[in-house]
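J.: just to be clear, the model below is a prediction. Sequence and coordinates:
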There are 2 protein chains.
Amino acid sequence: MSSIKDVANLAGVAVGTVSRVINNSGSVKPATRKKVEKAIQELNYIPNEVARNFKMRKSKMVALLLPSIWHPFFSELAYYIEDELDREGFKLMLCNSGGKPEKELYYLDMLQQNKVAGIVGITYNDIENDVSNDIPIVSIDRHFNKKITCVTSDNYEGGRLALRELVKAGAKKMAFLGSVTSVFSETMNRREGFIHEAKTMGVDYVVYEKPDPVLDDDAYFDEFLDKYHDVDGIFAITDMFAAKYIDKAGKQGIRVPEDVKVIGYDGIQDHSYFHPILSTIRQPVEEMARMTIRLLYKKIEGETLDREVYRLPVIFRRGETT
Amino acid sequence: MSSIKDVANLAGVAVGTVSRVINNSGSVKPATRKKVEKAIQELNYIPNEVARNFKMRKSKMVALLLPSIWHPFFSELAYYIEDELDREGFKLMLCNSGGKPEKELYYLDMLQQNKVAGIVGITYNDIENDVSNDIPIVSIDRHFNKKITCVTSDNYEGGRLALRELVKAGAKKMAFLGSVTSVFSETMNRREGFIHEAKTMGVDYVVYEKPDPVLDDDAYFDEFLDKYHDVDGIFAITDMFAAKYIDKAGKQGIRVPEDVKVIGYDGIQDHSYFHPILSTIRQPVEEMARMTIRLLYKKIEGETLDREVYRLPVIFRRGETT
């Protein structure tokens, strides 16, 4: 009967490498892994019971942590993530982690126990101390301070684009409407790009923000409408913010786009049956989902990625609000 | 060697609590869980091998098969299903099976291999020969001819209610707009209830249906609008059908609700920012999701259920289209 040493000799690698392949732990280059797997097959090597148990635990499952699947942006994302995983026979585990850091920590624990092969996370909680770049996690939207690979749309360019489109539509006094998380989030770049472009073009603007999450919509929009009568161009941090503004403003007799032009961010409307159809900065959701999974596979295989943040280009999609 | 009692003593909890932590079953407060885990570590406690193996083989995973998570009705359903599963420490595996029977069969196979503990399925494929009442599957909406437990909204009463509401709103000539699947589906009861009530009340009506899925919306609605000029009350099989009708009719100058009253089914709009807000028969999505999971648990435990189809009451929610 062959031993692990025989496998190592035939593959021309160290015993430790064979062990890592069997246990699916640590990083092994794909080429090396292939060599080892070939040797295992040729020698008909059967790892001892303990090792086998480990191997059997090799998960083909990826966990997706979302604030809530019941949101059109996240459900579109989940749709494409599942589709991309399915191509390689991986399964999707879904978790609504919204506002529950302990749920996110639980999945990190599952990852450490090899019960899931990787995690895709849209998390707004501060779980930074528990994650590192070594483990197969890819974040979407949320750019951790620690070195977690992140796939996001080009939020900064999106902010610039929104400002230019508001100018094109004839607006003179701009406002950015948003909410701020306690930890840095990639979405903050929407505001930064907006400000940069306003300054560059010499356009008058204000930034109106409250802590995230905004729980009292009425108070949020009443204060804004009270304070800024002369604003005629709005870039909202998400489509939902844009839609809420339009609703509240309408109740005060403010017409969109006649009195105020409004641009959102996301592109949550996938058909034209409900109105207003928002003018928006459209995130490339399908591309983001597929790239996220392809990068995750690389991390699962132990590869080192060449970048930390992957930003995909956005487009302006004109609707009925500019 | 330490026993489970030693762990319980050190952690200051009951033996049952330690067991729940080890088996990850039932609810344990995060703080309690930490205490137990610390005690396990300190005592270097190892649960016995048999129990461990058993535990490892027993899946805590439930698969949810949906045509597409990227649909507001299904994403709301998935949200509550995950929430209910989480209460008992179960995880949700998500599969978009839309139009791919082989994907559904794959999950049935996983169930037979104990890789998932149960399946919740909204399937429109004819996979009837592969399922039986013995295995833990609960269907939603789709009532199999074979004995599969099904949780659904009261489609028949929903159809009756829609007809009565159209009459109340002043409509005289009614139409049911739908699509028909090749196998029996619970959703067909929406039409049956509608017809029953129209006959009972002596109201004039037509039924307009095409095979499911309807791929060419234009052809579908053009033919309907061409054929039935005198219809002034419409009950559409889903909210999306209702929304599409309103859009197409609007392009021909038909105003809703002035010229035609429209009622949909589902209740997909969870806020009032996009218009028209549909008058609709609202499915009790949260209750359906929670009941489905509770019935699934019973089937997983081997219990025999007292019924085959569980129908939950619907309500009429008035919007802007009646």
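T.: That came through fine.

J.: just give me the residue right at the centre of chain A.
T.: A:Ile140 (1.4 Å; C-alpha atoms, centre = their mean).

J.: per-residue confidence at the closest residue to that residue other than its chain neighbours?
T.: Of all residues not flanking A:Ile140 in the chain, A:Ile122 sits nearest, at 4.9 Å (C-beta to C-beta, 6 or more residues apart in numbering or on different chains). Bear in mind the C-beta positions are built from the backbone N, C-alpha and C, glycine included. pLDDT for A:Ile122: 70.

J.: ok, A:Ile122 touching A:Leu65?
T.: Yes: between A:Ile122 and A:Leu65 there is a contact at 6.6 Å, judged by C-beta atoms under 8 Å.

J.: the two: which is more packed in?
T.: A:Leu65 (26 against 19; other C-beta atoms under 10 Å in any protein chain shown).

J.: am I right that the more buried one sits in a strand?
T.: Yes: according to DSSP: H, G, I helix; E, B strand; the rest coil, A:Leu65 belongs to a strand.

J.: my guess is it meets A:Leu111, correct?
T.: No: when contacts are counted by C-beta under 8 Å, A:Leu65 is not listed as touching A:Leu111 (10.8 Å).

J.: joint contacts of these two?
T.: The contact sets of A:Leu65 and A:Leu111 overlap at A:Ile119 (C-beta atoms under 8 Å, 6 or more residues apart in numbering or on different chains).

J.: get me the contact residues on the stretch 1-150 of chain A for chain B.
T.: Applying C-beta under 8 Å from any C-beta of the partner chain, we find that the stretch 1-150 of chain A lies next to chain B at A:57, A:61, A:64, A:68-72, A:74-76, A:78-79, A:82-83, A:86, A:91-96, A:102-103.

J.: got the phi and psi for the residue nearest to the centre of chain A?
T.: In terms of degrees, to the nearest 10, the main-chain angles of A:Ile140 are phi -120, psi 130.

J.: do A:Leu108 as well
T.: According to degrees, to the nearest 10, A:Leu108 has phi -60, psi -40.

J.: how close does it get to B:Glu84?
T.: For A:Leu108, the distance to B:Glu84 equals 23 Å [C-beta to C-beta, to the nearest Å].

J.: cool, and A:Lys199?
T.: 50 Å.

J.: neighbour count winner among these two?
T.: Neighbours per residue, other C-beta under 10 Å: of A:Lys199 and B:Glu84, the larger number sits with B:Glu84, 21 against 11.

J.: flag the shaky bits of the stretch 101-250 of chain A, pLDDT-wise.
T.: Filtered on pLDDT under 70, the stretch 101-250 of chain A yields the residue ranges A:123-134, A:143-146.

J.: quick one: mean pLDDT for stretch A:281-289?
T.: Mean predicted confidence for stretch A:281-289 is 97.

J.: buried set for that stretch?
T.: A:Ile281, A:Arg282, A:Gln283, A:Pro284, A:Val285, A:Met288, A:Ala289 (16 or more other C-beta atoms under 10 Å in any protein chain shown).

J.: could you list the domains of chain A?
T.: Per the record, chain A has its domains at A:4-56, A:61-153+A:285-313, A:155-283, by automatic domain parsing.

J.: A helix includes A:Ile40, no?
T.: Yes: the assignment for A:Ile40 by three-state DSSP puts it in a helix.

J.: that one and A:Val7 touch, don't they?
T.: Yes: judged on C-beta under 8 Å, A:Ile40 makes contact with A:Val7 at a distance of 5.6 Å.

J.: any common contacting residues for these two?
T.: The contact lists of A:Ile40 and A:Val7 share A:Val18, where a contact means C-beta under 8 Å, 6+ apart.

J.: so between the two, which is more surrounded?
T.: A:Val7 (27 against 21).

J.: sticking with that one, tell me its helix or strand.
T.: helix A:4-11 (DSSP states H and E).

J.: keeping just the C-alphas, turn that helix into PDB.
T.: C-alpha atoms of helix A:4-11 as PDB (Å, rounded to 0.1, in the frame of the first residue of the first chain):
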ATOM      1  CA  ILE A   4       2.100   9.800   1.600                       C
ATOM      2  CA  LYS A   5       5.900   9.700   1.100                       C
ATOM      3  CA  ASP A   6       5.400   7.600  -2.100                       C
ATOM      4  CA  VAL A   7       3.000  10.300  -3.400                       C
ATOM      5  CA  ALA A   8       5.400  13.100  -2.500                       C
ATOM      6  CA  ASN A   9       8.300  11.300  -4.300                       C
ATOM      7  CA  LEU A  10       6.300  10.600  -7.400                       C
ATOM      8  CA  ALA A  11       5.000  14.200  -7.600                       C
END
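
J.: contacting residues around that helix?
T.: By C-beta under 8 Å, 6+ apart, helix A:4-11 touches A:14-15, A:17-19, A:22, A:32, A:35-36, A:38-40, A:42-43, A:45, A:47.

J.: could you turn the buried ones of those into a ChimeraX selection?
T.: With 16+ other C-beta under 10 Å as the criterion, this ChimeraX line picks the buried residues out of the contacts of helix A:4-11:
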select /A:17,18,19,22,32,35,36,39,40,43,45,47
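
J.: of all the contacts of helix A:4-11, which comes closest to A:Glu308?
T.: Using C-beta to C-beta, A:Thr32 comes nearest to A:Glu308 of the contacts of helix A:4-11, at 25.1 Å.

J.: re earlier: just the buried members of the residues of the stretch 1-150 of chain A next to chain B?
T.: Among the residues of the stretch 1-150 of chain A next to chain B, the ones that count as buried by 16+ other C-beta under 10 Å are A:61, A:64, A:68-72, A:74-76, A:78-79, A:82-83, A:86, A:91-96, A:103.

J.: just those: which are in helices?
T.: A:Pro72, A:Phe74, A:Ser75, A:Glu76, A:Ala78, A:Tyr79, A:Glu82, A:Asp83, A:Asp86, A:Lys103 (DSSP state H).

J.: and the stretch 201-322 of chain A, which of its residues are near chain B?
T.: A:Met240, A:Ala243, A:Lys244, A:Ile246, A:Asp247, A:Gln269, A:Asp270, A:Ser272, A:Tyr273, A:Phe274, A:His275, A:Pro276.

J.: which of the residues you listed fall in helices?
T.: Checked against DSSP H, these include these in helices: A:Met240, A:Ala243, A:Lys244, A:Ile246, A:Asp247.

J.: the first one against A:Tyr265, yeah?
T.: No: A:Met240 lies out of contact with A:Tyr265 (C-beta under 8 Å); the separation is 9.7 Å.
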